[in-house]
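Asks: Generate coordinates for the sequence data below:
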Amino acid sequence: NALRDEIQKIIQIEDYPNGLVAVTPMVPKGSDLIPGDFKVAVTGLDQIAQQLVLSSGALLTQKQCKALANKLGLESVASIDAALSDEVLVAERQYDTYLKAFCDFYGPLVAELVIDQYDCGDLEIGLSEIQSMVADDASGVLIHGPSGCGKTLLAKSCAISCVADGRIPIFVDAKNFDGKFQRLLDREAALLNARSASSIISMGRLLGKRIILFLDGYNECRDDLKVSLTRSLRAFALRYGAGIVVSTQQDLVRADLLTAKIVVVKRPSEELKATLAKIEEQGDRAGNFRSLLQVASSGLEAALVGQVGAFLPAGASMFTLFDTYARKKLGTAAAEGIRVLSSFAETLVQRACFSFSVREFDRLCDSANLNHAVRQQLLRSRLLQVRGDRVIFIHELFFSAFSAEAAIRSANGDLTRIRAALGSPRFYSSKAFILGAIEDDRVVYEVLEGLTD
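Replies: Residues are numbered from 1 along each chain as shown. Alright, predicted model coming up:
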């Protein structure tokens, strides 16, 4: 009756919604029951199926149903279970909230991926095949390849595709692993509006959705923690039946602990580099761009050539490419910004870490007498990324480039110190950048003469 009264406020109807009183398991013989009336039928369980298919006398159109739902403050749910169970309803709300935050953050980044072909054993496969492998395969997937060639973008693309396939992706960076795997997962969960990683896992179990864990940049994990990280991945996969996807430049330490299919991301072909640099849009400048692209060894470098190649002379070093890109992004704040970025990189190298807290970064800016306007320009440049309370370089190649700048500034023309930096394990990824940062050819030759590398 209450339902009919509310319907009448939306549209006038003559009859009533069907009602039923069912006696279980059946109406006892000899019972004195009314057979029902035009509002309610009275019967046993054996008649329920028949009663449920009878047309109601209070039919509404879909539009009228929506109007009624809005008036009553009803919430649309994805399943009957959610309508019947508060626990499932809460889980579905958390699921929607988490996935929306996940797609809002990672979705725009995936748009930058230029689709390529990848090696998997003796086969050459495409993006859709890798996405299917990640979503459906019981074993893990190892994405292997050199720096700047799209491993992270490929992993993020697979993570976004998992959402469409009804999986729950969790994406974490290996460089943030400090020996506590739970803390690594919880930090990422909190950034995406989830209470904790445990709440995401419980949500997945309750809704019957598989967790796919993505670990990006295994090679950036501290060497003394890599065995622990591999063991944590194995434990997570076994405990929760989760899929594991790892991107890395190097083989896993104790790779025997994980069963994984290996997908190899190759260095970009000349054709792909031309696509990334948007060479067809460069017009008369394409000749110089092509010569720069010949020495670009990664997709990131090729993309930077397309953006700032017009400002570079033929034969410019990769260091000059990154420096020019940074100066373009920083604009009038270039000199001060690069000074701070170099200091930031130098401190990270000394600490053998990849990030600062926002508080430490503020102190660094204060010690460099960086005013608020320049600091804001530095953050807007997208050379750095603020994730939670951590500040990191947007890509490891930018870290390497500014580490090289820091090494050159610190050496101040001292060949011995330059050679020491080139021989230091801490500057291993910056060696080519350090040579490229030396502007005096005479000094370059003298440095090279003293090297056996």
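Asks: going forward, measure contacts and count neighbours with C-alpha atoms only.
Replies: Noted.
Asks: where in the stretch 201-350 of the chain is pLDDT low?
Replies: 282-288 (pLDDT under 70).
Asks: Residue 144: what's it in contact with?
Replies: 151, 247-250, 262-265 (CA atoms under 8 Å, 6 or more residues apart in numbering).
Asks: Highest neighbour count among those residues?
Replies: residue 247 (29 neighbours; other CA atoms under 10 Å).
Asks: which helices and strands sit right next to the helix or strand hosting it?
Replies: In the assignment (DSSP states H and E), residue 247 maps to strand 243-248. The helices and strands touching strand 243-248, judged by 3 or more CA pairs under 8 Å, 6 or more residues apart in numbering; DSSP states H and E, are helix 127-136, strand 140-144, helix 151-164, strand 211-216, helix 226-240.
Asks: change it to 7 Å
Replies: strand 140-144, strand 211-216 (3 or more CA pairs under 7 Å, 6 or more residues apart in numbering; DSSP states H and E).
Asks: Would you format the ones you listed as JSON lines with distance to residue 273 included?
Replies: Below are these laid out as JSON lines (distance: least, CA to CA, whole Å):
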{"stretch": "strand 140-144", "distance to residue 273": "19"}
{"stretch": "strand 211-216", "distance to residue 273": "23"}
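Asks: Which one, of those, ends up nearest to residue 31?
Replies: Of all the helices and strands packed on strand 243-248, it is strand 211-216 that lies closest to residue 31, at 54.6 Å by CA to CA.
Asks: Adjacent strands (with direction) for that closest one?
Replies: Partner strands for strand 211-216, per DSSP bridges, with pairing direction: strand 168-173 (parallel), strand 243-248 (parallel).
Asks: Which SSE is immediately downstream of the last one?
Replies: What it means is strand 243-248. Later in the chain than strand 243-248, the nearest helix or strand by DSSP H and E is strand 260-264.
Asks: Next: the first one.
Replies: Tracing the chain past strand 168-173, the next element assigned as helix or strand by DSSP H and E is helix 181-191.
Asks: what is the orientation angle of that next one with strand 168-173?
Replies: Angle of helix 181-191 versus strand 168-173, following axes from the mean of the first three to the mean of the last three CA atoms, to 10 degrees, is 110 degrees.
Asks: what angle sits between helix 181-191 and helix 226-240?
Replies: Going by the same axes, to 10 degrees, helix 181-191 makes 70 degrees with helix 226-240.
Asks: residues making contact with helix 181-191?
Replies: 172, 176-177, 195-197, 232, 388 (CA atoms under 7 Å, 6 or more residues apart in numbering).
Asks: Check which residues of that helix are buried.
Replies: 181, 184-189, 191 (16 or more other CA atoms under 10 Å).
Asks: from the chain's centre, how far out does stretch 229-248 sit?
Replies: 17 Å (CA atoms, centre = their mean, to the nearest Å).
Asks: Quick one: residues in contact with the strand holding residue 247.
Replies: 138-145, 151-152, 211-219, 237.
Asks: one more time with 8 Å, if that's ok
Replies: Contacts of strand 243-248 (CA under 8 Å, 6+ apart): 134-135, 137-145, 151-152, 155, 210-219, 233, 237.
Asks: try stretch 356-367
Replies: 340, 344, 348, 371, 375, 386, 389-392.
Asks: Repeat that for stretch 309-326.
Replies: In contact with stretch 309-326 (CA under 8 Å, 6+ apart) are residues 285, 288-289, 291-292, 296, 301, 304-305, 307-308, 334, 338, 381, 383, 398, 401, 433-434, 436-437.
Asks: rewinding a little: can you tell me which of the buried residues of helix 181-191 lies closest to residue 167?
Replies: residue 189 (15.7 Å).
Asks: roughly how far apart are that closest one and residue 152?
Replies: 19 Å (CA to CA, to the nearest Å).
Asks: Now for residue 316, how many residues are close by?
Replies: 14.
Asks: Same check on residue 451?
Replies: For residue 451, using other CA under 10 Å, the count is 10.
Asks: Also residue 270?
Replies: 15.
Asks: how would you label residue 370: helix, strand or coil?
Replies: At residue 370 the chain is in coil, as set by DSSP: H, G, I helix; E, B strand; the rest coil.
Asks: and the gap between it and residue 361?
Replies: 11 Å.
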